[in-house]
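>>> Mind folding the following:
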Amino acid sequence: MTPIYFPFTWADASTVQAITAVFPKIAVYHPLIRSLPSRLKLFEQAGNLEIRVPVTADSDKLEMLAADYQNWARLHQGSDLAFLKIRQPDAPFMDHLSSRIQSEILHYQETAPDQSGNSVFNARLFLEIAATYDAQQTEINCDLSNIRNMEKRFMAALGDPAEMEAPASLGNLPLTQDDPREYMLSERLQAWSTLFLQDSRCTDAGLWVTSRASVIEWIQDEVDMAPVLEINCIPIHQTIDDSTRFWQESILTYLSQLQKTPWPSAVKTFEPPSSDYAWENAVSVKGFIIPNQTPSVFFRKLAAVPEASSSSLNIMSSKPAMHTIAIYISML
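This is a model prediction of the structure:
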(Lines give C-alpha, C1' and ligand atoms only; values in the text may rest on other atoms or scores of the structure.)
Protein backbone atom coordinates (compact mmCIF):
# COMPACT_ATOMS: atom_id res chain seq x y z
CA MET A 1 0.00 0.00 0.00
CA THR A 2 1.57 3.27 -1.17
CA PRO A 3 0.33 6.43 0.61
CA ILE A 4 -0.82 9.14 -1.78
CA TYR A 5 0.06 12.82 -1.44
CA PHE A 6 -2.99 15.08 -1.72
CA PRO A 7 -4.58 17.40 -2.79
CA PHE A 8 -1.58 18.80 -4.73
CA THR A 9 0.18 17.70 -7.90
CA TRP A 10 3.47 19.37 -7.07
CA ALA A 11 5.81 18.75 -4.13
CA ASP A 12 9.30 20.02 -3.45
CA ALA A 13 12.18 17.82 -2.32
CA SER A 14 11.78 18.86 1.33
CA THR A 15 8.16 17.72 1.35
CA VAL A 16 8.99 14.35 -0.22
CA GLN A 17 11.87 13.89 2.22
CA ALA A 18 9.61 14.66 5.19
CA ILE A 19 6.92 12.19 4.10
CA THR A 20 9.37 9.40 3.25
CA ALA A 21 10.81 9.72 6.75
CA VAL A 22 7.51 8.16 7.87
CA PHE A 23 6.49 6.04 4.88
CA PRO A 24 8.91 4.16 2.64
CA LYS A 25 7.24 5.38 -0.56
CA ILE A 26 4.86 8.14 -1.63
CA ALA A 27 2.74 8.54 -4.78
CA VAL A 28 2.14 11.96 -6.35
CA TYR A 29 -0.44 12.58 -9.08
CA HIS A 30 0.32 14.79 -12.07
CA PRO A 31 -2.25 16.15 -14.54
CA LEU A 32 0.15 15.52 -17.43
CA ILE A 33 3.52 13.92 -18.07
CA ARG A 34 6.34 16.34 -17.28
CA SER A 35 10.03 16.07 -16.52
CA LEU A 36 10.91 16.02 -12.84
CA PRO A 37 13.43 18.36 -11.21
CA SER A 38 16.77 16.69 -10.59
CA ARG A 39 16.28 16.49 -6.80
CA LEU A 40 12.94 14.69 -7.21
CA LYS A 41 14.44 12.30 -9.76
CA LEU A 42 16.76 11.07 -7.02
CA PHE A 43 13.74 10.05 -4.91
CA GLU A 44 12.15 8.35 -7.91
CA GLN A 45 15.34 6.45 -8.75
CA ALA A 46 15.66 5.35 -5.12
CA GLY A 47 12.11 3.97 -5.18
CA ASN A 48 10.73 6.50 -2.67
CA LEU A 49 8.60 8.46 -5.16
CA GLU A 50 6.02 7.25 -7.66
CA ILE A 51 4.56 9.65 -10.22
CA ARG A 52 1.09 8.75 -11.47
CA VAL A 53 -0.55 10.32 -14.52
CA PRO A 54 -4.08 8.85 -14.67
CA VAL A 55 -5.10 10.69 -17.86
CA THR A 56 -2.83 11.35 -20.85
CA ALA A 57 -5.40 12.32 -23.48
CA ASP A 58 -5.25 15.85 -24.90
CA SER A 59 -1.92 16.54 -23.17
CA ASP A 60 -0.68 18.81 -25.97
CA LYS A 61 -3.86 20.85 -25.81
CA LEU A 62 -3.63 21.07 -22.02
CA GLU A 63 0.00 22.25 -22.15
CA MET A 64 -0.86 24.86 -24.75
CA LEU A 65 -3.77 26.22 -22.73
CA ALA A 66 -1.72 26.28 -19.52
CA ALA A 67 1.08 28.20 -21.29
CA ASP A 68 -1.39 30.69 -22.75
CA TYR A 69 -2.95 31.18 -19.37
CA GLN A 70 0.46 31.86 -17.79
CA ASN A 71 1.11 34.47 -20.47
CA TRP A 72 -2.27 36.05 -19.73
CA ALA A 73 -1.57 35.99 -15.98
CA ARG A 74 1.75 37.77 -16.46
CA LEU A 75 -0.20 40.66 -17.97
CA HIS A 76 -2.45 40.67 -14.91
CA GLN A 77 -0.05 40.27 -12.03
CA GLY A 78 -1.62 38.99 -8.83
CA SER A 79 -4.71 37.53 -10.52
CA ASP A 80 -3.46 34.21 -11.86
CA LEU A 81 -5.36 31.70 -9.70
CA ALA A 82 -7.93 34.31 -8.68
CA PHE A 83 -9.24 34.37 -12.24
CA LEU A 84 -9.78 30.62 -12.11
CA LYS A 85 -11.86 30.97 -8.95
CA ILE A 86 -14.65 32.86 -10.69
CA ARG A 87 -14.56 30.52 -13.69
CA GLN A 88 -14.82 27.17 -11.86
CA PRO A 89 -15.59 24.55 -13.03
CA ASP A 90 -14.99 25.93 -16.54
CA ALA A 91 -11.50 25.95 -18.00
CA PRO A 92 -10.08 29.26 -19.23
CA PHE A 93 -9.56 30.04 -22.90
CA MET A 94 -11.25 26.99 -24.33
CA ASP A 95 -12.41 28.56 -27.61
CA HIS A 96 -10.25 30.45 -30.10
CA LEU A 97 -7.26 31.29 -27.94
CA SER A 98 -6.13 34.59 -29.39
CA SER A 99 -9.58 36.14 -29.64
CA ARG A 100 -10.56 34.85 -26.19
CA ILE A 101 -7.45 36.28 -24.52
CA GLN A 102 -8.08 39.62 -26.19
CA SER A 103 -11.73 39.61 -25.14
CA GLU A 104 -10.84 38.89 -21.53
CA ILE A 105 -8.27 41.69 -21.50
CA LEU A 106 -10.75 44.13 -22.98
CA HIS A 107 -13.51 42.99 -20.56
CA TYR A 108 -15.89 41.98 -23.31
CA GLN A 109 -19.12 40.48 -21.98
CA GLU A 110 -19.28 37.12 -23.67
CA THR A 111 -20.99 33.92 -22.57
CA ALA A 112 -18.47 31.31 -21.53
CA PRO A 113 -18.61 28.09 -23.52
CA ASP A 114 -20.18 25.15 -21.75
CA GLN A 115 -17.38 22.90 -20.51
CA SER A 116 -19.40 21.01 -17.90
CA GLY A 117 -19.16 17.85 -20.01
CA ASN A 118 -15.37 17.83 -19.74
CA SER A 119 -14.83 18.15 -16.00
CA VAL A 120 -11.76 15.89 -16.03
CA PHE A 121 -9.94 18.04 -18.59
CA ASN A 122 -10.90 21.20 -16.71
CA ALA A 123 -9.66 19.70 -13.44
CA ARG A 124 -6.36 18.74 -15.05
CA LEU A 125 -5.91 22.25 -16.45
CA PHE A 126 -6.64 23.82 -13.09
CA LEU A 127 -4.19 21.50 -11.33
CA GLU A 128 -1.46 22.18 -13.91
CA ILE A 129 -1.82 25.94 -13.48
CA ALA A 130 -1.94 25.56 -9.69
CA ALA A 131 1.19 23.38 -9.70
CA THR A 132 3.10 26.00 -11.68
CA TYR A 133 1.89 28.68 -9.29
CA ASP A 134 2.93 26.61 -6.25
CA ALA A 135 6.39 25.92 -7.65
CA GLN A 136 7.02 29.56 -8.52
CA GLN A 137 5.78 30.92 -5.20
CA THR A 138 7.69 28.33 -3.17
CA GLU A 139 10.91 29.14 -5.04
CA ILE A 140 10.40 32.83 -4.27
CA ASN A 141 9.72 32.11 -0.60
CA CYS A 142 12.83 29.93 -0.32
CA ASP A 143 14.95 32.65 -1.93
CA LEU A 144 13.58 35.21 0.52
CA SER A 145 14.26 32.86 3.43
CA ASN A 146 17.85 32.42 2.25
CA ILE A 147 18.29 36.17 2.05
CA ARG A 148 16.87 36.69 5.54
CA ASN A 149 19.12 34.01 6.99
CA MET A 150 22.17 35.44 5.24
CA GLU A 151 21.27 38.80 6.76
CA LYS A 152 21.09 37.23 10.23
CA ARG A 153 24.47 35.59 9.78
CA PHE A 154 25.93 38.87 8.59
CA MET A 155 24.57 40.70 11.64
CA ALA A 156 25.90 37.94 13.91
CA ALA A 157 29.34 38.28 12.31
CA LEU A 158 29.23 42.00 13.09
CA GLY A 159 28.69 41.14 16.75
CA ASP A 160 24.95 41.64 17.23
CA PRO A 161 24.30 39.68 20.49
CA ALA A 162 20.67 38.94 19.65
CA GLU A 163 21.65 37.34 16.38
CA MET A 164 24.61 35.47 17.87
CA GLU A 165 22.43 33.77 20.49
CA ALA A 166 20.41 31.87 17.93
CA PRO A 167 22.07 31.90 14.49
CA ALA A 168 19.88 30.61 11.69
CA SER A 169 20.69 27.33 9.95
CA LEU A 170 20.80 27.53 6.18
CA GLY A 171 20.60 23.76 5.97
CA ASN A 172 17.30 23.41 7.83
CA LEU A 173 14.92 25.92 6.29
CA PRO A 174 11.16 25.47 6.62
CA LEU A 175 9.30 24.23 3.57
CA THR A 176 7.74 27.64 3.05
CA GLN A 177 6.77 30.50 5.32
CA ASP A 178 3.88 31.93 3.33
CA ASP A 179 2.47 28.76 1.85
CA PRO A 180 0.89 29.36 -1.60
CA ARG A 181 -0.95 26.05 -1.34
CA GLU A 182 -3.32 27.48 1.24
CA TYR A 183 -5.05 29.31 -1.62
CA MET A 184 -8.26 27.98 -3.23
CA LEU A 185 -8.15 24.84 -1.11
CA SER A 186 -11.70 23.65 -1.76
CA GLU A 187 -11.20 24.02 -5.53
CA ARG A 188 -7.93 22.10 -5.28
CA LEU A 189 -9.62 19.27 -3.35
CA GLN A 190 -12.39 19.01 -5.93
CA ALA A 191 -10.03 19.06 -8.92
CA TRP A 192 -7.58 16.61 -7.31
CA SER A 193 -10.40 14.21 -6.40
CA THR A 194 -11.67 14.33 -9.98
CA LEU A 195 -8.21 13.38 -11.27
CA PHE A 196 -7.69 10.69 -8.63
CA LEU A 197 -10.95 8.95 -9.50
CA GLN A 198 -9.69 8.43 -13.06
CA ASP A 199 -6.79 6.24 -11.94
CA SER A 200 -7.49 2.66 -13.02
CA ARG A 201 -5.14 1.41 -10.29
CA CYS A 202 -6.74 3.23 -7.36
CA THR A 203 -8.48 1.15 -4.73
CA ASP A 204 -10.31 1.74 -1.48
CA ALA A 205 -7.30 0.36 0.38
CA GLY A 206 -5.05 3.37 0.67
CA LEU A 207 -3.80 6.23 2.81
CA TRP A 208 -3.85 9.91 1.97
CA VAL A 209 -1.03 12.12 3.19
CA THR A 210 -0.74 15.90 3.28
CA SER A 211 1.84 18.33 4.61
CA ARG A 212 -0.71 21.12 5.12
CA ALA A 213 -2.68 21.49 8.35
CA SER A 214 -5.27 23.55 6.46
CA VAL A 215 -6.26 20.45 4.46
CA ILE A 216 -7.10 18.51 7.62
CA GLU A 217 -8.91 21.53 9.08
CA TRP A 218 -10.99 21.91 5.92
CA ILE A 219 -11.99 18.23 6.01
CA GLN A 220 -12.79 18.43 9.73
CA ASP A 221 -15.26 21.21 8.95
CA GLU A 222 -17.02 18.96 6.45
CA VAL A 223 -17.04 15.48 8.04
CA ASP A 224 -16.52 13.80 11.41
CA MET A 225 -12.94 12.75 12.06
CA ALA A 226 -11.21 11.03 14.96
CA PRO A 227 -7.48 10.98 15.79
CA VAL A 228 -5.85 7.55 15.53
CA LEU A 229 -2.12 8.28 15.39
CA GLU A 230 0.26 10.82 16.88
CA ILE A 231 4.07 10.75 16.84
CA ASN A 232 5.77 13.86 18.12
CA CYS A 233 9.20 13.40 16.59
CA ILE A 234 10.56 11.22 13.80
CA PRO A 235 14.08 12.10 12.66
CA ILE A 236 14.79 12.46 8.96
CA HIS A 237 17.59 10.00 8.23
CA GLN A 238 19.78 10.25 5.18
CA THR A 239 19.82 6.45 5.00
CA ILE A 240 17.13 4.04 6.19
CA ASP A 241 18.29 1.17 8.39
CA ASP A 242 16.45 -2.06 9.25
CA SER A 243 14.94 -0.71 12.48
CA THR A 244 13.51 2.30 10.67
CA ARG A 245 12.04 0.09 7.96
CA PHE A 246 10.46 -2.10 10.63
CA TRP A 247 8.47 0.68 12.29
CA GLN A 248 7.61 2.24 8.91
CA GLU A 249 6.02 -1.07 7.97
CA SER A 250 4.42 -1.25 11.42
CA ILE A 251 2.75 2.13 10.91
CA LEU A 252 1.37 1.02 7.53
CA THR A 253 0.11 -2.28 9.00
CA TYR A 254 -1.59 -0.52 11.91
CA LEU A 255 -3.36 2.02 9.67
CA SER A 256 -4.36 -0.65 7.17
CA GLN A 257 -5.97 -2.71 9.93
CA LEU A 258 -7.82 0.32 11.24
CA GLN A 259 -9.18 1.05 7.78
CA LYS A 260 -10.81 -2.37 7.49
CA THR A 261 -12.06 -2.86 11.06
CA PRO A 262 -15.51 -1.76 12.31
CA TRP A 263 -15.46 1.53 14.19
CA PRO A 264 -14.91 2.00 17.13
CA SER A 265 -11.95 -0.21 16.42
CA ALA A 266 -10.64 -3.10 18.51
CA VAL A 267 -7.20 -2.75 16.91
CA LYS A 268 -4.65 -2.10 19.63
CA THR A 269 -3.07 1.33 19.81
CA PHE A 270 0.07 1.67 17.76
CA GLU A 271 3.22 2.15 19.78
CA PRO A 272 5.29 4.79 17.97
CA PRO A 273 9.08 4.73 17.83
CA SER A 274 10.92 6.49 20.64
CA SER A 275 10.67 10.28 20.38
CA ASP A 276 13.68 11.02 22.57
CA TYR A 277 15.70 12.57 19.79
CA ALA A 278 17.60 15.83 19.64
CA TRP A 279 17.52 16.19 15.87
CA GLU A 280 17.36 19.39 13.86
CA ASN A 281 15.62 17.68 10.94
CA ALA A 282 12.53 15.84 12.11
CA VAL A 283 8.80 15.55 11.47
CA SER A 284 5.66 15.06 13.53
CA VAL A 285 2.78 12.84 12.46
CA LYS A 286 -0.95 12.97 13.13
CA GLY A 287 -3.40 10.46 11.70
CA PHE A 288 -7.18 10.84 11.43
CA ILE A 289 -9.93 8.42 10.50
CA ILE A 290 -13.20 9.31 8.77
CA PRO A 291 -15.40 6.52 10.12
CA ASN A 292 -17.84 4.59 7.96
CA GLN A 293 -16.98 6.49 4.80
CA THR A 294 -14.92 4.61 2.23
CA PRO A 295 -12.31 6.51 0.21
CA SER A 296 -14.30 6.06 -3.01
CA VAL A 297 -17.40 7.60 -1.41
CA PHE A 298 -15.38 10.35 0.25
CA PHE A 299 -13.55 11.44 -2.90
CA ARG A 300 -16.70 11.24 -5.01
CA LYS A 301 -18.24 13.73 -2.61
CA LEU A 302 -15.22 16.01 -2.87
CA ALA A 303 -15.33 15.76 -6.66
CA ALA A 304 -19.08 16.51 -6.63
CA VAL A 305 -19.77 13.36 -8.67
CA PRO A 306 -23.42 12.25 -8.63
CA GLU A 307 -24.06 8.69 -7.52
CA ALA A 308 -25.56 7.96 -10.95
CA SER A 309 -22.16 8.68 -12.51
CA SER A 310 -20.19 6.46 -10.16
CA SER A 311 -20.24 3.50 -12.55
CA SER A 312 -18.12 5.46 -15.04
CA LEU A 313 -15.28 5.94 -12.56
CA ASN A 314 -12.25 3.71 -12.39
CA ILE A 315 -12.44 2.71 -8.72
CA MET A 316 -11.45 -0.90 -8.09
CA SER A 317 -13.29 -2.66 -5.27
CA SER A 318 -10.82 -5.39 -4.30
CA LYS A 319 -10.83 -5.77 -0.51
CA PRO A 320 -12.64 -2.48 0.09
CA ALA A 321 -11.89 -0.35 3.11
CA MET A 322 -14.57 0.63 5.58
CA HIS A 323 -13.10 4.02 6.46
CA THR A 324 -10.90 6.78 5.07
CA ILE A 325 -7.62 7.67 6.79
CA ALA A 326 -5.78 10.97 6.28
CA ILE A 327 -2.29 11.65 7.60
CA TYR A 328 -0.79 15.05 8.37
CA ILE A 329 3.01 15.29 8.40
CA SER A 330 4.74 18.51 9.41
CA MET A 331 8.34 19.64 9.73
CA LEU A 332 9.52 20.41 13.25
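
>>> What is the least confident helix or strand in this protein?
Within the chain, no helix or strand scores below helix 97-105, which has a mean of 46 by mean pLDDT, DSSP states H and E.

>>> can you pull out the helices in the stretch 1-150 of the chain?
Counting by DSSP state H, counting those that start in this stretch, one finds helices in the stretch 1-150 of the chain at the ranges 13-19, 38-45, 59-75, 80-87, 97-105, 119-157.

>>> weakest of these by average pLDDT?
Lowest mean pLDDT within those: helix 97-105, at a mean of 46.

>>> Surely Q257 is within a strand?
No: using DSSP: H, G, I helix; E, B strand; the rest coil, the secondary structure at Q257 is helix, not a strand.

>>> nearest spatial neighbour of it, skipping sequence neighbours?
V267 (4.8 Å; C-beta to C-beta, 6 or more residues apart in numbering). For the C-beta atoms, the positions are set from N, CA and C on the backbone; glycine is no exception.

>>> burial count for that neighbour?
16 (other C-beta atoms under 10 Å).

>>> pLDDT wise, what is the closest residue to A213 other than its chain neighbours at?
Excluding its sequence neighbours, the residue lying closest to A213 (C-beta to C-beta, 6+ apart) is Y328, at 6.2 Å. Y328 carries a pLDDT score of 96 in this model.

>>> where in the protein is pLDDT low?
Within the chain, the ranges that satisfy pLDDT under 70 run 76-117, 141-146, 159-181, 274-280, 307-320.

>>> L189: what's it in contact with?
L189 makes contacts with 6-7, 215, 218, 302, as judged by C-beta atoms under 8 Å, 6 or more residues apart in numbering.

>>> one more time with 6 Å
L189 sits next to 7, 302 when contact means C-beta atoms under 6 Å, 6 or more residues apart in numbering.

>>> if we can go back for a sec, the residue nearest to A213 - how many residues pack around it?
20.

>>> Give the pairing partners of whichever strand or helix holds it; include direction for each.
For Y328, the host element (DSSP states H and E) is strand 324-331. Counting by DSSP bridges, the strands paired with strand 324-331 are strand 208-210 (parallel), strand 282-290 (antiparallel).

>>> what would those strands look like in TSV with distance to V223 and mean neighbour count?
Output for the strands paired with strand 324-331, formatted as TSV (distance: least, C-beta to C-beta, whole Å; neighbours: other C-beta atoms under 10 Å):
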stretch	distance to V223	mean neighbour count
strand 208-210	13	23
strand 282-290	5	20
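
>>> Among these, which comes closest to V120?
V120 sits nearest to strand 208-210 of all the strands paired with strand 324-331, at 19.7 Å, using C-beta to C-beta.
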